[in-house]
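# Got a sequence here, can you model it:
(chains A, B, C and D)
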2 protein chains.
Amino acid sequence: MSTSTREKIIQLGDDLLRRQGFNAFSYADISKPLQIRNAAVHYHFPSKQDLAFAIAQWHKDIFDRFSQKMATKEPKDRLKTFLNFYHSIHLSEKVDIISAFATDWYSLGPNIQTEVQEFTELVIEWLTELIQEGMDLGQFRETQNTRTTALRILSSIFASTQLVRITSDQDFTLVKNSILKELLN
Amino acid sequence: MSTSTREKIIQLGDDLLRRQGFNAFSYADISKPLQIRNAAVHYHFPSKQDLAFAIAQWHKDIFDRFSQKMATKEPKDRLKTFLNFYHSIHLSEKVDIISAFATDWYSLGPNIQTEVQEFTELVIEWLTELIQEGMDLGQFRETQNTRTTALRILSSIFASTQLVRITSDQDFTLVKNSILKELLN
DNA sequence: TTGCAAACTTATTAGTAAATAAGTAATTTA
DNA sequence: TAAATTACTTATTTACTAATAAGTTTGCAA
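Residues are numbered from 1 along each chain as shown, chains lettered A, B, ... in the order given. The predicted model follows:
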């Protein structure tokens, strides 16, 4: 299965968005590595906003597939997979997609903002349910508000992918282990 | 005491950096509101990197004064003031300065990166000491690793200032209260 | 009062940005 | 096999970017 040009543009765009930020990359940064002309990128995504929208949708799709694949696993393992996923992100000098969009929030059109909001709520709800399930099964320590717990886990790993740029990888590991330790019985 | 043009540029630059990101604002965005010419900004800060460096230094100074003023207060109150400070940030649609710099990390020259690293370490150490002191005084619950606790608090509020752009102000309040509740005896 | 430095302005440049129009080749469809 | 659609290319435009050179005003110091 060969990857289409459209798909390649989305993947490279996502990479640049999360490594440098929405306003820090140009169409040339996409066309050059793919060895196509600038206008070819515009053919697939007339405006940069269109590209951003496609990237947001792409992540929604990926997360859908991820959560379906994880559905059968037990909460503890689901959480570990989730945390490891974010650990791998920052090793490639990127931040997570939600932080990336949040950063450039006021550069984004309303349709993209809505898409990102829906995606974010999806992730928060997924985490909230995961925590509730883990508590019901006695795998996780009881917490008052599961959404708050979910938010704090999300916040921690999101910020960590950014903070390790400044401090060190070791700090990310500290945080990750602390989340697990605090939650697990 | 009237504010100098140099100071005004730094303050407006800081505002733009944290609201839109380093690559999303231009010298025109600074010169226009201040009703000066573009070149006047270049007079004070020849390059955009010079401006970013000045903003980093400015925050270091502010934090120095903040921590000196807080030195006499007890840990619990110091923490509350700290959290409220960050709560006020996101109400003005900005993110904290460390997250802002982290986002545009690869657009920054090495001298700025060093400055930001020093500033970040300063804040982490300040928080770590605060937690240790609070534990010693019996005001805070005992935790294994004070640096980890500091990192998690920092991560939570940093990410929250970004996340609330996407979700809601209510989510920030949830996180803030959760931090206090978790730590306080 | 003269001179000189600080704090600007006007004017310009070289480079890059997103975006679009018009043309072309290859593939698909009717 | 003719026509239309897809996936591009070349060429160009408009607008903005950071940055600099050269000139001007203003206030202070010798």
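
# Residue ranges in chain A under the pLDDT threshold?
A:1, A:185 (pLDDT under 70).

# can you tell me if the lengthiest helix in it touches DNA strand C.
Of all the segments of type helix in chain A, defined by DSSP state H, the longest one is helix A:110-136. No. On the criterion Cβ under 7 Å from any atom of the strand, helix A:110-136 is out of touch with DNA strand C, staying 12.6 Å away. To be clear about C-beta, it is placed using only N, CA and C from the backbone, and glycine gets the same treatment.

# Spell out which parts of chain A neighbour DNA strand D.
A:Ser4, A:Thr5, A:Arg6, A:Ile36, A:Arg37, A:Asn38, A:Ala39, A:Ala40, A:Tyr43, A:His44.

# Now the longest helix of chain A: buried residues?
Within helix A:110-136, the residues scored as buried using 16 or more other Cβ atoms under 10 Å in any protein chain shown are A:112-113, A:115-117, A:119-120, A:123-124, A:126-128, A:130-135.

# would you list every one of the strands in chain A?
Shown for chain A, no strands are assigned by DSSP state E.

# and it, which of its residues are near DNA strand C?
A:Phe25, A:Ser26, A:Tyr27, A:Ala28, A:Asp29, A:Asn38, A:Ala39, A:His42, A:Pro46, A:Ser47, A:Lys48, A:Gln49.

# The residues you listed, buried ones only, as a PyMOL selection?
Buried residues among those (16+ other Cβ under 10 Å), as a PyMOL selection:
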select buried, chain A and resi 25+27+48
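
# can you count the residues close to A:Leu137?
Here the number of neighbours of A:Leu137 (other Cβ atoms under 10 Å in any protein chain shown) works out to 12.

# related to what we said a few turns ago, show me what the longest helix of chain A is packed against.
Applying 3 or more Cβ pairs under 8 Å, 6 or more residues apart in numbering or on different chains; DSSP states H and E, we find helix A:110-136 packed against helix A:48-70, helix A:75-91, helix A:97-103, helix A:146-166, helix B:146-166.

# Can you say which of these is nearest to B:Arg18?
helix B:146-166 (9.1 Å; Cβ to Cβ).

# list the buried ones in that closest one?
B:146-166.

# excluding its backbone neighbours, what's nearest A:Glu93?
A:Arg19 (5.6 Å; Cβ to Cβ, 6 or more residues apart in numbering or on different chains).
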